[in-house]
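> Kindly return the folded structure for what I paste below:
(2 chains)
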Amino acid sequence: METESRKKALEYFFGKVVGPMGFKFTPDPELKDFLLEQEVMLETKHGIPFCPCQPVRHNRIRDMQIVCPCIPFHRKHFDAIKRCWCGLFVHTDVIDPESLPQLPPQDVGLE
Amino acid sequence: MSDKFIGAISTDEIAPGGMKTVELNGRQIVICNCDGTYYAMERRCGHMNAPLELGTLDGKFVTCPMHCAQFDVTTGQALSGPVPRDMGNERIPPKLAVFLEQVGMQMQHIRTESIRTCKTKVEAGWVHAAP
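Model (predicted):
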């Protein structure tokens, strides 16, 4: 399987899903490329493109909640920090993802 | 692949996002309508030979109905292999479990190969392909 082609395919499929949820890909092209590549590697290993910054615990219910794009499962947290955990997706109004703080759920009034 | 085009199907027989199988020169070819642009590829999945026209076409990506392997219809390139399935907590009868284990052992050696594509052109409301 060709990594570059798969990255483009994932970009296409993810873009269709996250747009209606109010998210877009990070404007940082290098980060986007790196994260998509990690997801292709995870997909090659597990058959599923898991979030690159979360551990796969081999607990089906938990693991399904970190399949990229995992926005629906962690919507409140991501809306509060305007990005997803790994930073592949940011709110559509974000132009400078570097300025977004990475706060744990308890710091934004969750959990 | 040849350069001899053969009339395959009328353009109004496939809606955008649709796929249809035709037989040209003894080969089964799937014609795909990607939002008005037509592509042709071999019918059989590069993983386990499932008929791809029964899968889904999204943009230029086709997903196999059997194990969800994906291919680029413009190049035939394999983009992903089979997706693992969850058997859930349902108890599997012992004999079936042994059978599934055997099948699983064999399946893990199956590679997902790219599939062949054909050139296409549209003339007078017909899609022509060169199988």
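> would A:E11 count as being in a strand?
No: if the criterion is DSSP: H, G, I helix; E, B strand; the rest coil, then A:E11 is helix and not within a strand.
> Please identify the helix or strand for the closest residue to it other than its chain neighbours.
Closest residue to A:E11 apart from its sequence neighbours, by CB to CB, 6 or more residues apart in numbering or on different chains: A:L36 at 6.3 Å. C-beta coordinates here come from the backbone N, C-alpha and C atoms, glycine included. Counting by DSSP states H and E, the element that carries A:L36 is helix A:29-46.
> just checking, what packs against that helix?
Contact partners of helix A:29-46 among helices and strands, from 3 or more CB pairs under 8 Å, 6 or more residues apart in numbering or on different chains; DSSP states H and E: helix A:3-18.
> Distance check, A:F89 against chain B.
19 Å (CB to the nearest CB, to the nearest Å).
> ok so, going back, burial check on the residue nearest to A:E11, number of neighbours?
Look at A:L36: counted by other CB atoms under 10 Å in any protein chain shown, it has 24 neighbours.
> same check, this time on A:R60
A:R60: 12 neighbours (other CB under 10 Å).
> show me what contacts the residue in chain B that chain A sits nearest to?
Nearest to chain A, among the residues of chain B, is B:P84, at 4.4 Å (CB to the nearest CB). By CB atoms under 8 Å, 6 or more residues apart in numbering or on different chains, the contact set of B:P84 is A:H46, A:G47, A:I48.
> Pick out whichever of those sits closest to chain B.
Among the contacts of B:P84, A:G47 lies closest to chain B (CB to the nearest CB), at 4.4 Å.
> Hmm, that closest one is touching B:P82, no?
Yes: if you go by CB atoms under 8 Å, A:G47 and B:P82 touch, sitting 6.7 Å apart.
> what does chain B put close to chain A?
Within chain B, the positions near chain A by CB under 8 Å from any CB of the partner chain are B:58-59, B:61, B:70, B:72, B:75, B:77-84, B:86, B:112.
> For those residues, point out the one with the lowest pLDDT.
Lowest in pLDDT among the residues of chain B next to chain A is B:D86, which has 77.
> where does chain A have low pLDDT?
Judged against pLDDT under 70, chain A has no low-scoring part.
> Contact partners for the spatially most central residue of chain B?
Against the mean C-alpha coordinate of chain B, by CA atoms, centre = their mean, the closest residue is B:L52 at 2.8 Å. Taking CB under 8 Å, 6+ apart, we find B:L52 in contact with B:M19, B:V30, B:M41, B:R43, B:R44, B:C45, B:V62, B:C64, B:P65, B:F71, B:I115.
> A:I95 and A:K24 touch, don't they?
No: using CB under 8 Å, A:I95 makes no contact with A:K24, being 10.4 Å away.
> Show the end-to-end separation of stretch B:101-113, please.
One end of stretch B:101-113 to the other measures 23 Å (CA to CA, to the nearest Å).
> coming back round to it: in PyMOL, how would I select just the buried ones from the residues of chain B next to chain A?
Applying 16 or more other CB atoms under 10 Å in any protein chain shown to the residues of chain B next to chain A, the buried members can be selected in PyMOL as follows:
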select buried, chain B and resi 59+61+70+72+75+77+78+79+80+81+82+112
